[in-house]
Structures are given as structure tokens and as C-alpha cells.
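A.B. asks: How does the following fold in three dimensions:
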Amino acid sequence: MFRLVTLNLNGIRSAANKGLLPFAEGLAADCMGVQEIKAVAADLAGRFEHMAGMKGHFHFADKKGYSGVGLYARKEPTEVVSGIGNPEFDAEGRYVEARFDTKKRKLSIISCYFPSGSSGELRQQAKFRFLALMAPHLVRLRAEREFILVGDVNIAHKEIDLKNWRGNQKNSGFLPEERAWMTHTLDEIGLVDVFRRLNPHPEQYTWWSNRGQAWAKNVGWRLDYHLATPAIAATAKREHIYLDERFSDHAPLVIDYDFTL
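C.D. replies: Model (predicted):
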């Protein structure tokens, strides 16, 4: 069994202060993808290079206190790839890929943080540029290896994936162009939204605004994903959105797969 969790931390130090480390210990994951760590290497030294028996592999943003992703893994990867080869977005620390290749199999586990466009048009255009780069990147990756990409994609794909879909059709995260990108990723590139394959039910959210009573009333969005190649997706057995504690404005998304690294 392979347990994989993804969580946007909204700051690794903040999440640690809210109980992240005991949660990770109890979860006993094989890999954990984290996004928006809001830290650089010096900030992690002596505290966060390892977590719950897993070694961390990171892609930091150039700007302090901004973005950044990590992938904690119990097994040592055969290779680690940081960034997608684009200067604009590699400077923002958005992609780390751990490869676990054997003679019989090429497999990657990826932690990725897609840009948010909610702050305004400049960032929305950056988000569109990132989506335009990621589509062919995923095509190339799928041609050569199995993979699971986990992370905060900052897109609610369908009406079922957010509470107030009617009122958000012109808002970043639920724009027609963003939703079309996700449809293309699933239908044309051929990846699988693993959580939705396992759980077709409404009101399954992973992010809640800090405004108003969003958390209390479960007025949420499903922005966090496991996107996998079909053969790996077919091994998924159980999903769980962890809601018992809050470490950030996102919830951990846990999926158990029937394979080992």
C-alpha cells in the first residue's frame, strides 16, 4: 500500500504551530506533497528537512515568504527534478518531482502549486501562462512515465466542486478557461482526477475562505488534487479529506494506492 497526501500549508511554520508534525506522524504516509511553504532553505534548517520519517525535497521561491513546494518521501528517489524549465515560474518555486525508477518501471510523484489569479488581472494572466506551459509538460511526462501530480491546482473543475458555483462563474478558480484546461487535462491528455473516481459525492471541499463563516458552513472549494496516469489511478483504493484539525485554510487530501515504490 502507498499512502500519498497533499496539503497547501499556507506557511510551513504556521502549520507546524497548529499541529502539523503530530498529524504527519500519525498519518504514516509514504509521501507527502506540500505547497505554499512560504520559506527558503535557511528557514527549514534543523526543523523541516525531515518530517515523520520522510526526507524533504524542495523547490523554493526566490522571494522570501512566498510560494514554494516540497515533497516528503520515506524512500530515497532515484532523481529529483525542481522546476519546469521556465524562468518566470521556476523563480516562484512551484514544482518538485521525485522519480522512483526501476528497471521495470518509471514513476514520478510530483508536488505542484498552480498560481492563484484571485488578486487581480496581472496574476490571472500569469496563471493562464502557467496552464499553457503545464499542458504540454504533462503530455511529455505521460509519454515517458507513470506519475501522480498532487497539489493545489487553484481550479474547481465542475459545479459539484464548489458550494456557490453560480456566483463564482466570473471569479478566478472557476473561470470557463480554467475549467476547460482541467477538462482538456482529463479528457485529452488522459489523466485521472483520482479523488473524483473514488468519491462522486457533493460538498467535498479542500479549501475555505477565511472570510465570514465559510468553514463553519462548509462553503468551500475543491482546489487540491491527485492527477494520475490511468494505470496508477486504477490502483487507488481509499480517499479521505482530513477535517478533524486545521493546519491552514486547506485540508489534507489523503489517498491510498495499491502499489509500493
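
A.B. asks: so where do the helices sit in the stretch 151-261 of the chain?
C.D. replies: Along the stretch 151-261 of the chain, counting by DSSP state H, counting those that start in this stretch, helices occupy 176-187, 194-198, 230-233.

A.B. asks: Just say which of the ones you listed is most tucked in.
C.D. replies: helix 194-198 (a mean of 20; mean count of other CB atoms under 10 Å). All C-beta spots, glycine's among them, are computed from the backbone N, C-alpha and C.

A.B. asks: Quick one: residues in contact with it.
C.D. replies: Helix 194-198 is contacted by residues 148, 157, 204, 222, 225-228, 233, 236-239, 253, 255 when judged by CB atoms under 8 Å, 6 or more residues apart in numbering.

A.B. asks: since we're on residue 20, how many residues are nearby?
C.D. replies: 24 (other CB atoms under 10 Å).

A.B. asks: Which residue is the nearest non-sequential neighbour of it?
C.D. replies: Leaving aside its sequence neighbours, residue 20 sits nearest to residue 247 (CB to CB, 6 or more residues apart in numbering; 4.8 Å).

A.B. asks: from what I can see that neighbour touches residue 15, true?
C.D. replies: Yes - with contact defined as CB atoms under 8 Å, residue 247 counts as touching residue 15 (4.2 Å).

A.B. asks: Spell out which residues are contacts of both of these two.
C.D. replies: Residues touching both residue 247 and residue 15 (CB under 8 Å, 6+ apart): 7, 9.

A.B. asks: what pLDDT does residue 112 get?
C.D. replies: Note for residue 112: predicted pLDDT of 99.

A.B. asks: ok so, going back, most surrounded residue in the contacts of helix 194-198?
C.D. replies: residue 226 (29 neighbours).

A.B. asks: gap between it and residue 63?
C.D. replies: Look at residue 226 and residue 63: by CB to CB, to the nearest Å, they are 28 Å apart.

A.B. asks: sorry, back to before: which of the contacts of helix 194-198 fall within strands?
C.D. replies: 148, 225-228, 236-239, 253, 255 (DSSP state E).

A.B. asks: Alright, I will stop here.
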